[in-house]
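S.K.: Structure, please.
(chains A and B)
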2 protein chains.
Amino acid sequence: MNKKFEIEQIGTIYTPYKTKDECPIQGYINPKVKGQIELFPEYIEGLETIELFSHIILFYIFDKAGEIKLSRSTFLDDAPHGIFSSRHPCRPNSIGISIVKLDKRNENILRVSGIDILDGTPLIDIKPYIPRFDYFKDANNGWIESKKNCQKPKDRE
Amino acid sequence: MNKKFEIEQIGTIYTPYKTKDECPIQGYINPKVKGQIELFPEYIEGLETIELFSHIILFYIFDKAGEIKLSRSTFLDDAPHGIFSSRHPCRPNSIGISIVKLDKRNENILRVSGIDILDGTPLIDIKPYIPRFDYFKDANNGWIESKKNCQKPKDRE
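M.R.: Residues are numbered from 1 along each chain as shown, chains lettered A, B, ... in the order given. Predicted structure coming up:
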């Protein structure tokens, strides 16, 4: 039995990216690109002490995503990969995450950098990014390992 | 305008944790604890090449979470923190994530270790964990920094 759950937008993500073609595949590619998160005012109490974190994880809905295909080639590889083996936006439940740098908080507005999200995207959650919990140093990069065009700058030859 | 979105369960997460009291706050605390993910068979094509990744990110609904409070003390700190500054399960939209080690895939069943999720939890997405994208070495641990009881074993004094 597939249960259903209702998710409600809690804010809006504003970025310089107006179209999918402008948007990078991951935020670290343009770490200086700024975005602004507007959390709806009724949730402001939920931001208490968030400014102690340097990075946060944004959860959002890919509301402009196209047709869902369970297996497809991706931006990074012509070979097909299952949707759960990729970060492709056209996926069941259309949930995206991005880790961004938190530059400044002003009331219910968060200024961030290193963003890779389309302008106007609906925000559904924010969690702190905690390297102590979220970094697994023995993890591999799967099929991404050999893709030179998506290495972090310092890893490139 | 708060838009609403419907999310559908795509599988079920089976673990040894039958109650909240048994469940660790994060998976790395008991890295050997095994779990099993049953993806509903209609999504099996989406797992193509997932076995190339050593770690995956499970997305699920905290369907046993209690009352949502926007600010509260947490498992790790008596001082209050906003819900978006913590990983507490009782949050708007009730979405949880866990990074787990992928030990083995058998058709639509994934055997994983390092799990911190209640038995029977509804799965809503799986994404590959990709250190190249997901690790920010200059990130701090926010208010978690000083909490010795949640350091990874090798960091402890």
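S.K.: For A:K3, which non-adjacent residue is spatially closest?
M.R.: B:Q9 (4.5 Å; CB to CB, 6 or more residues apart in numbering or on different chains). Backbone N, C-alpha and C define where each C-beta goes, glycine included.
S.K.: Thought B:T121 was touching that neighbour, still the case?
M.R.: No. The pair B:Q9 and B:T121 fails to qualify as a contact (CB atoms under 8 Å) at a distance of 9.6 Å.
S.K.: With neighbour numbers in mind, choose between these two.
M.R.: B:T121 (25 against 19; other CB atoms under 10 Å in any protein chain shown).
S.K.: residues touching that one, list them.
M.R.: B:12-13, B:15, B:60-64, B:96 (CB atoms under 8 Å, 6 or more residues apart in numbering or on different chains).
S.K.: mind redoing it with 6 Å?
M.R.: B:13, B:60 (CB atoms under 6 Å, 6 or more residues apart in numbering or on different chains).
S.K.: Give me the pLDDT value at it.
M.R.: The confidence metric pLDDT takes the value 97 at B:T121.
S.K.: what separates the spatially most central residue of chain A from B:K127, distance-wise?
M.R.: Among the residues of chain A, the one closest to the centroid is A:S98, at 2.0 Å (CA atoms, centre = their mean). To B:K127, A:S98 is 12 Å away according to CB to CB, to the nearest Å.
S.K.: Give me the phi and psi for the residue lying closest to A:T74 once chain neighbours are set aside.
M.R.: Excluding its sequence neighbours, the residue lying closest to A:T74 (CB to CB, 6+ apart) is A:S86, at 4.9 Å. Backbone dihedrals for A:S86, given as degrees, to the nearest 10, come out at phi -140, psi 170.
S.K.: Same check on the one 5 residues further on?
M.R.: Its backbone dihedrals place A:R91 at phi -140, psi 160, with angles given as degrees, to the nearest 10.
S.K.: Which residue, neighbours along the chain excluded, lies closest to it?
M.R.: A:I83 is the one closest to A:R91 (CB to CB, 6+ apart), at 4.6 Å.
S.K.: So which residues of chain A form strands?
M.R.: In chain A, the strands defined using DSSP state E lie at A:4-8, A:11-14, A:34-39, A:55-61, A:71-72, A:81-82, A:95-106, A:109-113, A:121-128.
S.K.: Quick check: which ranges of chain A have low pLDDT?
M.R.: A:149-157 (pLDDT under 70).
S.K.: One more pass at 90, please.
M.R.: The model of chain A has pLDDT under 90 over residues A:1-2, A:19-32, A:65-66, A:73-79, A:133, A:137, A:144-157.
S.K.: pretty sure A:N108 contacts A:Q36?
M.R.: No. Contact criterion CB atoms under 6 Å: A:N108 and A:Q36 do not qualify, at 10.9 Å.
S.K.: thinking again about what came up before, can I get the strands of chain A in a markdown table with distance to B:P41?
M.R.: Putting those into a markdown table (distance: least, CB to CB, whole Å) gives the following:
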| stretch | distance to B:P41 |
| --- | --- |
| strand A:4-8 | 19 |
| strand A:11-14 | 35 |
| strand A:34-39 | 38 |
| strand A:55-61 | 26 |
| strand A:71-72 | 15 |
| strand A:81-82 | 14 |
| strand A:95-106 | 21 |
| strand A:109-113 | 39 |
| strand A:121-128 | 28 |
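S.K.: If you tally nearby residues, what's the number for the residue nearest to A:F62 when sequence neighbours are not counted?
M.R.: Excluding its sequence neighbours, the residue lying closest to A:F62 (CB to CB, 6+ apart) is A:P89, at 3.9 Å. Counted with other CB under 10 Å, the neighbours of A:P89 add up to 20.
S.K.: now swap in the one 5 residues further on and tell me
M.R.: Residues near A:S94, counting by other CB under 10 Å, number 18.
S.K.: Same check on A:G142?
M.R.: 23.
S.K.: got it, and A:F133?
M.R.: The burial count for A:F133: 21, using other CB under 10 Å.
S.K.: Name all residues that make contact with it.
M.R.: So A:F133 contacts B:Q26 (CB under 6 Å, 6+ apart).
S.K.: ok, back up a step: what separates the residue nearest to A:F62 from B:E51, distance-wise?
M.R.: From A:P89 to B:E51 the distance is 23 Å (CB to CB).
S.K.: and if you look at A:L47?
M.R.: According to CB to CB, A:L47 and B:E51 sit 39 Å apart.
S.K.: sorry, back to before: so the residue nearest to A:K3 makes contact with B:P122?
M.R.: Yes. B:Q9 lies in contact with B:P122 (CB under 6 Å); the separation is 4.1 Å.
S.K.: any shared contact partners between these two?
M.R.: With CB under 6 Å, 6+ apart as the test, B:Q9 and B:P122 both reach A:K3.
S.K.: on that earlier part again, the residue nearest to the centre of chain A and A:G27 touch, don't they?
M.R.: Yes. Using CB under 6 Å, A:S98 makes contact with A:G27 at a distance of 5.4 Å.
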